[in-house]
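Student: Pasting the sequence and the predicted coordinates here, then a few questions.
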Amino acid sequence: MQEFIVLNPDELGQDPAVGMDLAVALGVRHLEIRTAYGANALMLDDGRLREVRRLTDERGLQVTALASPLWKWCRPEAVPGKVDSFGFPTRMPAEDRERWVDRALAVADILGTGLVRVFSHLSVGDNLTESFVDDPLLTYALKHAKRAGVRLLLENEPVCTVAEPTPLLDVLRAHTGLGLWLDLGNLYEVGHGTAEAVEALAPYAEYVHIKDYVPRDDGMKQFVAAGDGDVPYAELLPALCRVRPALPYALETHVRESPGDALTRGAAFLRASLPGGLA
């Protein structure tokens, strides 16, 4: 099996057809769905989701992954920092969480994908930050996902509790039904953008996020096309491919200006950089 590129239509806006048409133009056949029509995918009604699926099918494309916001939340009494949750609430009562897991699995079924992203609770301070590894909801979610033929993949997200290699490995070893949604840019951001870290995590990786950035003078990040920033992809990509060939590589540029150009250049960068080539 060959590696392949995945494109998220909402990088180009909330009309999914626009991003899908770019995917077709770039020869990309796989999509990641996060938001559409101004709402998080989990909050769209079934009719809207079926419309996304229809647009996908009409173009000969496939939804490879649902970029859900599950576990990118905290208790209602906590105060999260700046978090991009793509229209999904970050404060979530315990009694509401199970239904959102169920909803994510239903959304995945409508879209026709077997991969669903999860996070690991927002870090909100020692007294209110929740533990992910022993969360009973994770056990529930893994059981029901397996029954639905869905694989849950944990993203290493800096604002969440599990973002560095050691805790990631601890969680993945404790829950063998959970895979890794490996974001190489996030790994670099938390100080572990090395071949050694990637090689340790690679056996668990089932999906890869690709983004790039350069630091700004104000301490924020300036997102750029993949290959144009500081993330050391020349070191990280070969290390990942040596251990885990044939992965999906999803472009998550976050570029606000000229996103189509950033996606086009990012796709070309990936096709030129991965040893086995990309579909």
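Tutor: Sure thing, it's come through. Numbers count the residues shown, from 1 in each chain.

Student: mind listing the strands for the stretch 1-150 of the chain?
Tutor: Taking DSSP state E, counting those that start in this stretch to define them, one finds strands in the stretch 1-150 of the chain at 4-7, 30-33, 35-36, 39-40, 62-66, 115-118.

Student: what about the longest one, average pLDDT?
Tutor: Over the span of strand 62-66, the pLDDT mean works out to 98.

Student: for this protein, what are the low-confidence residue spans?
Tutor: In the predicted model, the chain carries pLDDT under 70 at residues 1, 276-279.

Student: residues in contact with the helix ranked longest in it?
Tutor: Using DSSP state H to define each element, the chain has its longest helix at helix 94-111. Here helix 94-111 makes contact (C-beta atoms under 8 Å, 6 or more residues apart in numbering) with 33, 41-42, 44, 46, 49-50, 52-53, 56, 63, 66, 68, 70, 73, 75, 92, 114-116, 137, 140-141, 144-145, 148, 150. No exception for glycine: its C-beta is placed from N, CA and C like everyone else's.

Student: Throw the strands of the stretch 1-150 of the chain into a markdown table and include distance to V24, thanks.
Tutor: As requested, the strands of the stretch 1-150 of the chain are exported to a markdown table (distance: least, C-beta to C-beta, whole Å):
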| stretch | distance to V24 |
| --- | --- |
| strand 4-7 | 10 |
| strand 30-33 | 11 |
| strand 35-36 | 17 |
| strand 39-40 | 24 |
| strand 62-66 | 12 |
| strand 115-118 | 21 |
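
Student: a markdown table for these, including distance to E155 and mean neighbour count?
Tutor: Below are the strands of the stretch 1-150 of the chain laid out as a markdown table (distance: least, C-beta to C-beta, whole Å; neighbours: other C-beta atoms under 10 Å):
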| stretch | distance to E155 | mean neighbour count |
| --- | --- | --- |
| strand 4-7 | 14 | 24 |
| strand 30-33 | 12 | 24 |
| strand 35-36 | 16 | 22 |
| strand 39-40 | 15 | 17 |
| strand 62-66 | 11 | 22 |
| strand 115-118 | 5 | 24 |
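
Student: Let me know which of the ones you listed is the nearest to A250.
Tutor: With C-beta to C-beta as the criterion, A250 lies closest to strand 4-7 of the strands of the stretch 1-150 of the chain, at 3.7 Å.

Student: who does the host helix or strand of L236 touch, helix- and strand-wise?
Tutor: Counting by DSSP states H and E, the element that carries L236 is helix 233-243. Counting contacts by 3 or more C-beta pairs under 8 Å, 6 or more residues apart in numbering; DSSP states H and E, helix 233-243 packs against helix 184-189, helix 195-201, strand 205-210, helix 259-273.

Student: if you set the cut-off to 7 Å instead, what comes out?
Tutor: Helix 233-243 makes packing contacts with helix 195-201 when contacts are defined by 3 or more C-beta pairs under 7 Å, 6 or more residues apart in numbering; DSSP states H and E.

Student: Restricting to C-alpha, output the helix it packs on in PDB.
Tutor: What follows is helix 195-201, C-alpha atoms only, in PDB (Å, rounded to 0.1, in the frame of the first residue of the first chain):
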ATOM      1  CA  ALA A 195      13.900  11.400  14.600                       C
ATOM      2  CA  GLU A 196      14.200   9.500  17.900                       C
ATOM      3  CA  ALA A 197      10.800  10.700  19.200                       C
ATOM      4  CA  VAL A 198       9.200   9.900  15.900                       C
ATOM      5  CA  GLU A 199      10.700   6.400  15.800                       C
ATOM      6  CA  ALA A 200       9.400   5.700  19.300                       C
ATOM      7  CA  LEU A 201       5.900   6.800  18.400                       C
END
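
Student: Give the buried residues for it.
Tutor: If you call a residue buried by 16 or more other C-beta atoms under 10 Å, then helix 195-201 has these buried ones: A195, A197, V198, A200, L201.

Student: Once you drop chain neighbours, what's closest to the first one?
Tutor: Right, the one you point to is A195. Among residues not flanking A195 along the chain, A239 sits closest, at 3.8 Å (C-beta to C-beta, 6 or more residues apart in numbering).

Student: Please apply the same query to V224.
Tutor: Nearest one to V224, counting by C-beta to C-beta, 6+ apart, is D212 at 5.4 Å.
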